[in-house]
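>>> Provide a 3D model corresponding to the input given below.
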Amino acid sequence: MSRFTATWMTAGLCATMAAAALAGPASAATAPGQVFAPNPVADLGIQTLTDQKDADFFSGDPFLSRAYHRVTLTNLDGSGTLTGDWVKVLSSTGKAARNTGSGFIYTRDQDQFEQTMGYHWVTQAQRYIQSLGFGSTLPPVNKRQQLLRIDQFGGDNSFYRNGTKKLTITLGKGGVDDAEDGEVIVHEYGHSVQDDQVPGFGSTLEAGSIGEAFGDYLAVTVSSAVTRDTSFQEPCVADWDSTSYTPGPIHCLRRVDGTKHYPEDVEGEVHADGELWSAALWRARGLIRNSMLTDKVIIAAQFGFKPNTTFRAAAQQTIATAEGYGVASQFRQAFTERGFLG
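Got it, this is the predicted structure:
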């Protein structure tokens, strides 16, 4: 078993995080937890892993047990449950996780492991967004408590939903349970982020495609920032969850480094067409060579999106935002190469 501490901040980043904490909610309780980081396939580099009906075949193997990482769960409210500033975990399919003195240390054959995964990865996603300056030097982004329902959808799918008194991410089961993959969790959180910035975002095919693309991109960038590891198939989204429904030999829900070009590769389906937008974001990231600056621009630009935005309009808004950060030319090149701009 390896020990993983999410101290992915540089010294300057720590100062930013400290400032964000001062401005944030008062919850300060912490507890030990055990999670995948972000998932066993990406972490161990083994594409042949399979679900095996939720069996804990990791703990007894000296190598596979390295997939479990001990972390410090932050921003808890001190109630002994997985409730904190930005997450409240709900579960009706298994016993709720509770800290009785030793923290939240579970294995994947226990429902509480997935509850712990959900809490940890949503919290880390919000902490990463705040480390970019959102909530301190920039307007806050999704700085609200998110209800997280674990294994409460019988299909192999997860979704975000907003409504009256209901700001909910539901993580499904079937094959590898979705909450066992940190990148699935953060992808769904990406929808909540955009809905907070632009209520009702994604009302058309192209806007919905941008939503799916951003979820994929956020999953990859948060995963890389938290684990500080880009060595294994970094552009691949949800390597572990996708072992249940992709043929391999490389398992990915989707990739953010594809070669699709607009408009000839449009398929009329938001997940497929999202690969156009995510590839442009990934290309800009490569051109800029500063992931945090790239992410700051991408997220800041979304404040200017309309719920029914188009690829072209979103590209123009992102470039306009990038002007203020000195990286407009890189974004313009990336969007032009993808076909969104003439």
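
>>> From here on, just use CA atoms for contacts and neighbour counts.
Fine.

>>> residues near the residue nearest to residue 108 when sequence neighbours are not counted, how many?
Leaving aside its sequence neighbours, residue 108 sits nearest to residue 56 (Cα to Cα, 6 or more residues apart in numbering; 5.8 Å). By the criterion of other Cα atoms under 10 Å, residue 56 has 15 neighbours.

>>> Wait, residue 56 touches residue 106, no?
No. In this structure, residue 56 is not within contact of residue 106 by Cα atoms under 8 Å, at 10.3 Å.

>>> Run the chain-centre distance for the host helix or strand of residue 43.
For residue 43, the host element (DSSP states H and E) is helix 40-44. Counting by Cα atoms, centre = their mean, to the nearest Å, helix 40-44 is centred 16 Å from the centre of its parent chain.

>>> what's downstream of that helix, the next helix or strand?
Later in the chain than helix 40-44, the nearest helix or strand by DSSP H and E is strand 69-76.

>>> So which elements touch the helix or strand following that following strand?
Next helix or strand after strand 69-76 toward the C-terminus (DSSP H and E): strand 87-90. With contacts taken as 3 or more Cα pairs under 8 Å, 6 or more residues apart in numbering; DSSP states H and E, strand 87-90 sits against helix 111-131, strand 146-150.

>>> before we move on, the earlier item: OK, contacts around the residue nearest to residue 108?
Listed by Cα atoms under 8 Å, 6 or more residues apart in numbering, the contact partners of residue 56 are 107-109.

>>> Now list the buried members of those.
Taking 16 or more other Cα atoms under 10 Å as the criterion, what is buried in these is 107-108.

>>> Next, format the contacts of residue 56 as JSON lines and append secondary structure.
Converted to JSON lines, these look like this (DSSP: H, G, I helix; E, B strand; the rest coil):
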{"residue": "107", "secondary structure": "coil"}
{"residue": "108", "secondary structure": "coil"}
{"residue": "109", "secondary structure": "coil"}
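
>>> Turn the contacts of residue 56 into a markdown table, including pLDDT and distance to residue 129.
Formatted as a markdown table, the contacts of residue 56 follow (pLDDT from 0 to 100; distance: Cα to Cα, whole Å):
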| residue | pLDDT | distance to residue 129 |
| --- | --- | --- |
| 107 | 98 | 28 |
| 108 | 96 | 28 |
| 109 | 94 | 31 |
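
>>> Spatially nearest residue to residue 28 (excluding sequence neighbours)?
Spatially, and ignoring its direct neighbours in sequence, residue 28 is nearest to residue 75 (5.0 Å; Cα to Cα, 6+ apart).

>>> In CSV: the contacts of residue 56, plus distance to residue 274.
Shown next, in CSV, are these (distance: Cα to Cα, whole Å):
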residue, distance to residue 274
107, 34
108, 31
109, 33
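
>>> Go through the contacts of residue 56 and name the one nearest residue 47.
Nearest to residue 47 among the contacts of residue 56 is residue 108, at 18.1 Å by Cα to Cα.

>>> List phi and psi for that closest one.
Phi and psi for residue 108, reported as degrees, to the nearest 10, are phi -70, psi -10.

>>> How much space separates it from residue 150?
Distance from residue 108 to residue 150, counting by Cα to Cα, to the nearest Å: 13 Å.

>>> As CSV, could you dump the C-alpha coordinates of the longest helix along the chain?
As assigned by DSSP state H, the longest helix anywhere in the chain is helix 205-227. Taking Å, rounded to 0.1, in the frame of the first residue of the first chain, the C-alpha atoms of helix 205-227 are listed here in CSV:
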residue,chain,number,x,y,z
LEU,A,205,-25.8,20.1,-29.7
GLU,A,206,-22.6,22.2,-29.8
ALA,A,207,-23.0,23.6,-26.3
GLY,A,208,-23.7,20.2,-25.0
SER,A,209,-20.6,18.9,-26.8
ILE,A,210,-18.5,21.6,-25.2
GLY,A,211,-20.0,20.5,-21.8
GLU,A,212,-18.9,16.9,-22.3
ALA,A,213,-15.5,18.0,-23.6
PHE,A,214,-14.9,20.2,-20.6
GLY,A,215,-15.8,17.4,-18.2
ASP,A,216,-13.3,15.2,-19.9
TYR,A,217,-10.6,17.9,-19.9
LEU,A,218,-11.2,18.8,-16.3
ALA,A,219,-11.0,15.1,-15.3
VAL,A,220,-7.6,14.8,-16.9
THR,A,221,-6.1,18.1,-15.7
VAL,A,222,-7.3,17.6,-12.1
SER,A,223,-6.1,14.0,-12.1
SER,A,224,-2.6,15.1,-13.3
ALA,A,225,-2.4,17.9,-10.8
VAL,A,226,-3.4,15.8,-7.8
THR,A,227,-1.3,12.8,-8.5
